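Chemist: can't give you the sequence, but here's the structure:
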């Protein structure tokens with residue numbers, strides 16, 4: 001069956017992936033074990049904030065331009 005073959009291939013590929021929440025070094029303790037995960041989370045958070053600011057800025061600019069051209073009076 002195609003679905004069974006597909007799911008088997010997906011499982012095989014996911015096992016090859018490097019998961020950041022599974023610490024490679026078992027000797028570390030506390031949050032140091034999850035340095036890759038926390039670093040990746042910080043990068044994603046900063047990227048989201050920058051993208052949100054960029055979109056908000058352009059929304060404000062375009063809103064004001066459209067308002068300028070559509071004012072009645």
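Modeler: Looks like it arrived, so ask away. All figures in this text were calculated on a predicted structure; none of them were measured in a lab.
Chemist: Tell me the spacing between residue 61 and residue 55.
Modeler: Distance, residue 61 to residue 55, by Cβ to Cβ, to the nearest Å: 11 Å. Backbone N, C-alpha and C define where each C-beta goes, glycine included.
Chemist: top helix in this structure by residue count?
Modeler: Longest helix in the chain by number of residues (criterion: DSSP state H): helix 35-70.
Chemist: For residue 59, the count of nearby residues, please.
Modeler: 10 (other Cβ atoms under 10 Å).
Chemist: quick one: low-confidence ranges for this structure?
Modeler: 21-27, 73 (pLDDT under 70).
Chemist: if we can go back for a sec, distance between the longest helix of the chain and the chain's centre?
Modeler: Chain-centre distance of helix 35-70: 14 Å, with Cα atoms, centre = their mean, to the nearest Å.
Chemist: Could you check how far residue 46 is from residue 13?
Modeler: 29 Å.
Chemist: Next: residue 61.
Modeler: 43 Å.
Chemist: Can you give me every residue that contacts the residue positioned nearest the centre of the chain?
Modeler: Taking Cα atoms, centre = their mean, the centroid of the chain lies closest to residue 44, which sits 4.9 Å from it. Neighbour list for residue 44: empty [criterion: Cβ atoms under 8 Å, 6 or more residues apart in numbering].
Chemist: how near is it to residue 37?
Modeler: Where residue 37 is concerned, residue 44 sits at a distance of 11 Å (Cβ to Cβ).
Chemist: Please apply the same query to residue 48.
Modeler: 16 Å.
Chemist: Between the two, which is the more surrounded one?
Modeler: residue 37 (15 against 10).
Chemist: Disregarding residues adjacent in the polypeptide, which is nearest to the more buried one?
Modeler: Nearest residue to residue 37 in three dimensions, chain neighbours excluded: residue 20, at 4.2 Å (Cβ to Cβ, 6 or more residues apart in numbering).
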